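1. need a 3D model of the following:
(chains A and B)
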Amino acid sequence: MMTSSFSAKRRRKDRQFAGLCLAAVMTCLTILVVLLIKLALDGYRHLTWHFITSPLTVRASTTGILTPLLGSLAVMAVTAAVAIPVGVGAAVWLEEFNTRRTRLSSFIQLNISNLAGVPSIVYGILGLAIFVRWMALGLSILSGGLTMSILILPMVIIVSQEALRSVPSSYREGSLALGATRWQTISRQVLPAATPGILTGVILSISRALGETAPLIVVGAAGYVTFLPTKVWDRYGVLPLQIFNWSRNPNPAMTANAASAILFLMILLLALNSVAIWLRARARQRRA
Amino acid sequence: MRLLSFVFALISILTTVGIVVVLATGAGRFFQSVSPREFFFSTDWSPAYDPPHFGIVPLVCGTLLVAVGSSIVALPLGILTGVYLSEYAPPRLRGLLKPALELLAGIPSVVYGYVALFLVTPTLKAIIHSIDTYNALSAAIVVGVMVLPLVASLCEDAIASVPNSLREAAYGLGSTKREVTLKVVISASFILALSRAIGETMAVSLAAGLTPNVTLNPLQTVQTMTAAIVNLASGDLSSGGPSYEAIFAVAATLFVITFLMNVVANRLVRRFRTVYS
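-> Numbers count the residues shown, from 1 in each chain, chains lettered A, B, ... in the order given. Next up is the predicted model:
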C-alpha cells in the first residue's frame, strides 16, 4: 500500500519533469515563431525588386541595398578564397598526414578549439593591426575578407576534419594497397569522398560570416559607401552593417529599411542553409 | 603537399600568437599614457571628452550585467530543452526541433539587436514604464535567446554520452554518475554561456546603449566592453592616440576573461566525455 503510493508519487514527479521540459521546448519554438513573424511583418512591405537592385542613397524612400549587398559578396569571395584552401589543408594535415598523434598536433587541436571561442570583435582588432596597418592594405575589401577568413578558419578546420573522419578507412587502405602514394590517396580518394561534408560545413561557415558585423566595423567597413565595389582595394559597406546603421536611425522610414534588409538577409541565409542541409542529406543517402 | 598542409595547420597557432602579440603591444602602448591603476579602478569612461578618461569599471559592470542576465534566460530553457531532446522527444519532434534550434543559432547578432529594439524593449516598456529606451534587460533577453541553442546542444551531447547500461541501472537504483554529469554540464554550460555573452557585440550595442554606467539595475542604459570597442572603432582611427590604443586595452581585457572561461569550460566538457570512457 505504502510502496504503491510512494511509486505513484515518484511517477507523478517524473511526469511533471517531462512536462517542464516540454514547456521549455515549446517556449523555444514560440520564441522562434514570434521572432520570424515579427521580422516578416516588419520587412515585407519595402522588400521590392527595386529595393534589392538599387544602390544606396541617403533618401529613405529611394534607397536600395545593392551597394552593401555587393560589398558583402565581395568580402565573402575573398574570405572563401582564403579560408577554404587553408582550412581544408590544415584539416588534411591533422587527419591524414599526421597519423601518429604527436604532442604538436594535439596542441594545434586544442588551439583551434580555443580560437573558436574567441569573441569575433577580437579578430577585428587582429585584422586592424595586421592587415590594415602593418601590411598597409588599408580599409579595403581585401583586409575585410582576410580578417573574416581568419575568423571562420577554426570552424572550417573543425567541419573539414569531421568530414574527413567520416570517410571509411577502407578507402585509404585500398588505395595504399594498390601502390598509390599518400597524397594520391588523399587527393583522388579521400577528398572526393569527403567533399559533400566539407562543402556543407563551408557553406555554414560562410553564412555565419555573412551575418557577422563586429569585426568588419573595426577593420573599417563604412556606413555610407555609395559606389559599387569593383576592386579589392575599394572601400566597402556590408549588409549587416547597413542594417545596424538603419536600426539606430531615429527616422522610422530608415528603420523600416532595416527591417526589409533583415528579411532579405534572412532569406539569403535560409537559402544557403537549405543547400547545406540538402547536400548533407544527399551525401548520407549515397553512403547508406 | 604534406609540408604545405602543415604550414596551413600552423596558421592557427600563428593566429593565436598574433592575437596575443597585437593585444599585448597595443595595451602596452596604451599603458604608457594611461596608468593601469586608472584603467582598472576608475569608474569614469569618457574617451571622447577633453581630457579623456579611461576607466574600464563601468564597461565591465555593464558587460557582467548583460552576461549574467542572459544566462538566467538561457540556462533553464537550454538545459531543459537539451534534456527533452535526449531523453523524451519522439524522433519526429526531434527532427523538427534540431533544425529549429539551428535556425535560432544561425540568426545574425545584428538581427537580434533589431528584435531587441523593436520587439523586446517596447514590450518591456508596456510593463515597466520607468525602463530606459536602451537597457540592459532587453539586451540580456535577446543574448539569452542567442546562447540558448549552444546550451541545449551541449546538454544534449552530455546526456547522450551516458551509456545505456548505466542509464538502465540508474533507473533501478537512483542515479549517481548522472547527477555528477548533470552538475558538470550545468557548470560547463554556465561558463560557456557567460563567455559567449561577454563577447557578444552587435545585439548589445543596439539594445543596451552607449552610455557607460556603474549600475546593477538592468532597467538602465549600460555600455559593454564590446560596445565601447565598436563605438571607438566607428570614429576616426587613422590618427592614433590614446583612444585608438584604448581599443587594444579593452580588447585585451575581453580576451583574457573569455579565454580563461573557455579553458575552464573545455576542461569540464572533456571531463564528462572521459567519465564514461
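2. low pLDDT regions in the stretch 101-250 of chain B?
-> Along the stretch 101-250 of chain B, the model assigns pLDDT under 70 to residues B:166-167, B:169-181, B:235-240.
3. cool, and the stretch 101-250 of chain A?
-> Using pLDDT under 70, the stretch 101-250 of chain A has no residue that qualifies.
4. need the residues of the stretch 101-250 of chain B near chain A, please.
-> Neighbours of chain A within the stretch 101-250 of chain B, by C-beta under 8 Å from any C-beta of the partner chain: B:101-104, B:106-111, B:113-115, B:117-119, B:145, B:148, B:152, B:192, B:195-196, B:198-202, B:205-206, B:226, B:229-230, B:233-234, B:237, B:247-248. The C-beta positions use only the backbone N, C-alpha and C, and glycine is treated the same way.
5. of the residues you listed, which belong to strands?
-> Among these, no member falls in strands (DSSP state E).
6. just the buried ones from these?
-> B:101, B:103-104, B:106-111, B:113-115, B:117-119, B:145, B:148, B:152, B:192, B:195-196, B:198-202, B:205-206, B:226, B:229-230, B:233-234, B:237, B:247-248 (16 or more other C-beta atoms under 10 Å in any protein chain shown).
7. from these, which land in helices?
-> B:101, B:103-104, B:106, B:109-111, B:113-115, B:145, B:148, B:152, B:192, B:195-196, B:198-199, B:202, B:205-206, B:226, B:229-230, B:233-234, B:247-248 (DSSP state H).
8. all the strands of chain B, in order from the start?
-> According to DSSP E, the strands that chain B contains are B:45-46, B:53-54.
9. and residue A:140, how close does it get to residue A:127?
-> 11 Å (C-beta to C-beta, to the nearest Å).
10. what is the neighbour count of the nearest residue to residue A:54 once chain neighbours are set aside?
-> Ranked by C-beta to C-beta, 6 or more residues apart in numbering or on different chains and with sequence neighbours excluded, the top spatial neighbour of residue A:54 is residue A:64, at 2.7 Å. Using other C-beta atoms under 10 Å in any protein chain shown, residue A:64 has 21 neighbouring residues.
11. got the strands of chain B as CSV, with mean pLDDT and distance to residue A:108 columns?
-> Listed next are these as CSV, based on pLDDT from 0 to 100; distance: least, C-beta to C-beta, whole Å:
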stretch, mean pLDDT, distance to residue A:108
strand B:45-46, 87, 38
strand B:53-54, 89, 36
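12. got the buried residues for stretch B:26-44?
-> For stretch B:26-44, by 16+ other C-beta under 10 Å, it's B:26, B:27, B:30, B:31, B:34, B:39, B:42.
13. show me which of the residues you listed is closest to residue A:253.
-> Among these, residue B:26 lies closest to residue A:253 (C-beta to C-beta), at 39.9 Å.
14. for the closest one, which non-adjacent residue is spatially closest?
-> That would be residue B:248: by C-beta to C-beta, 6+ apart, it lies 2.5 Å from residue B:26.
15. residues contacting stretch A:33-44, please?
-> A:256, A:259-264, A:266, B:104, B:107, B:111, B:114-115, B:118-119, B:145 (C-beta atoms under 8 Å, 6 or more residues apart in numbering or on different chains).
16. which one of the residues you listed is nearest residue A:220?
-> residue A:261 (20.5 Å).
17. residue A:66 is in contact with that closest one, correct?
-> No: using C-beta atoms under 8 Å, residue A:261 is not in contact with residue A:66; the gap is 11.2 Å.
18. who's more crowded, the two?
-> Set residue A:261 next to residue A:66 and count neighbours by other C-beta under 10 Å: residue A:261 wins out with 29 against 15.
19. name the element that one belongs to?
-> helix A:252-287 (DSSP states H and E).
20. does chain B sit close to that helix?
-> Yes: applying C-beta under 8 Å from any C-beta, one finds helix A:252-287 touching chain B at A:255, A:258, A:259, A:262, A:265, A:266, A:269, A:270, A:273, A:277.
21. give me the three-state assignment for the closest residue to residue A:256 other than its chain neighbours.
-> In space, and not counting its chain neighbours, residue A:256 is closest to residue A:46: 5.6 Å by C-beta to C-beta, 6+ apart. With DSSP: H, G, I helix; E, B strand; the rest coil as the basis, residue A:46 sits in coil.
22. and residue A:46, how far from residue B:119?
-> From residue A:46 over to residue B:119 (counting by C-beta to C-beta), the distance is 18 Å.
23. same question, residue A:167
-> 45 Å.
24. I'd say residue B:105 and residue B:149 touch.
-> Yes: between residue B:105 and residue B:149 there is a contact at 3.8 Å, judged by C-beta under 8 Å.
25. quick one: which of the two has more around it?
-> residue B:149 (23 against 16).
26. how about the residue nearest to residue B:94 when sequence neighbours are not counted, what does it touch?
-> Nearest in space to residue B:94, with sequence neighbours left out and distances taken as C-beta to C-beta, 6+ apart, is residue B:85 at 6.2 Å. Shown in contact with residue B:85 (C-beta under 8 Å, 6+ apart): A:25, B:94, B:97, B:98, B:152, B:156.
27. what sits against the last one?
-> If you count contacts by C-beta under 8 Å, 6+ apart, residue B:156 has them with B:82, B:83, B:85, B:86.
28. up against chain B, what does the stretch 151-288 of chain A have?
-> A:153-154, A:157, A:182-183, A:186-187, A:207-208, A:210-214, A:217-218, A:220, A:240-241, A:243-244, A:247-248, A:255, A:258-259, A:262, A:265-266, A:269-270, A:273, A:277.
29. residue 194: what's it in contact with?
-> By default, I'm working from chain A. Contacts of residue A:194 (C-beta under 8 Å, 6+ apart): A:160, A:163, A:164, A:166, A:167.
30. that was the other one, I meant chain B.
-> B:67, B:68, B:71, B:261.
31. can you tell me how far it sits from chain A?
-> 12 Å (C-beta to the nearest C-beta, to the nearest Å).
32. ok, that residue to residue B:63 distance?
-> 10 Å.
33. for residue A:93, find the nearest of the strands of chain B.
-> Going by C-beta to C-beta, the one of the strands of chain B nearest residue A:93 is strand B:53-54, 42.9 Å.
34. please enumerate residues in contact with that closest one?
-> B:30, B:34, B:38, B:39, B:42, B:44, B:45, B:46, B:47, B:242, B:246, B:249.
35. make a markdown table from those and add distance to residue A:149 to it.
-> As requested, the contacts of strand B:53-54 are exported to a markdown table (distance: C-beta to C-beta, whole Å):
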| residue | distance to residue A:149 |
| --- | --- |
| B:30 | 28 |
| B:34 | 33 |
| B:38 | 37 |
| B:39 | 32 |
| B:42 | 38 |
| B:44 | 38 |
| B:45 | 33 |
| B:46 | 36 |
| B:47 | 30 |
| B:242 | 31 |
| B:246 | 27 |
| B:249 | 26 |
